[in-house]
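>>> With the sequence up front, the predicted model follows.
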Amino acid sequence: MKIICTTLLDTSILDIFNLPEPSINNTGGFRTRLINENNVSSIVFSYSPIDLCVAGLTQYYLNNKSDNNGHSPIVITNLSEWFIQNNDRIGEMWVTCTTLINGLIIAHNIIEWKILCKLDSRLHLLFKKNAPFTFRS
């Protein structure tokens, strides 16, 4: 069971470009493997692409909706705080993840995956590992 694909988007249009250097606290513990020029791999903290898509698309929508009443756009400067403070996650509807489960390729948006995760703890662990803020308990 693994995630093989997520929504691709140009993050330069999203208001997430002021995020600090990734650490255990501001990434939710998400880690990725990096391989240097000597083919030596190391595991480093990084921002989850799924979390970035959900937060970025949601905030982009909120900043650009017609009833914003002229408020200044909000720029996400701390992903952890953003997920704590914002309950509106419209971006979950637009972010799709494709998985390989028992030889089947299955794609759903985040809202649908959250429903399925309530039925399968292994599925929930998979998504929590890959999107710690979006799938926090």
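Structure received. Residues are numbered from 1 along each chain as shown.

>>> For the residue nearest in space to the middle of the chain, what is the enclosing helix or strand?
Compute the mean C-alpha point of the chain, and by CA atoms, centre = their mean the closest residue is Asp51, 1.4 Å away. Element membership of Asp51, judged by DSSP states H and E, is helix 49-64.

>>> again with Ile4
Short version, using DSSP H and E: Ile4 is in strand 2-6.

>>> residue at max distance from the center of this protein?
Asn38 (30.1 Å).

>>> those strands in this structure, which residues are they?
Along the chain, counting by DSSP state E, strands occupy 2-6, 31-35, 41-45, 96-101, 104-109.

>>> Would you mind finding the most buried of the ones you listed?
Most buried of the strands of the chain, by mean neighbour count (mean count of other CB atoms under 10 Å): strand 96-101, with a mean of 17. C-betas here are computed from N, CA, C, even on glycine.

>>> Determine how far that strand lies from the middle of the whole chain.
Distance of strand 96-101 from its chain centroid, counting by CA atoms, centre = their mean, to the nearest Å, is 14 Å.

>>> Show me what it is packed up against.
Other helices and strands packing on strand 96-101, by 3 or more CB pairs under 8 Å, 6 or more residues apart in numbering; DSSP states H and E, are strand 2-6, strand 104-109, helix 110-117, helix 121-130.

>>> Next, the angle from that strand to helix 49-64.
160 degrees (axes from the mean of the first three to the mean of the last three CA atoms, to 10 degrees).

>>> Could you pull up the mean pLDDT of strand 96-101?
For strand 96-101, the mean per-residue pLDDT is 95.

>>> cool, stretch 48-68 as well?
For stretch 48-68, mean pLDDT is 86.

>>> Can you tell me what sits against the lowest-mean-pLDDT helix or strand in the chain?
Least confident helix or strand, the chain: strand 31-35 with a mean of 82, by mean pLDDT, DSSP states H and E. Contacting residues not belonging to strand 31-35 are listed as Ser41, Ser42, Ile43, Val44, Phe45, Ser46 [CB atoms under 8 Å, 6 or more residues apart in numbering].
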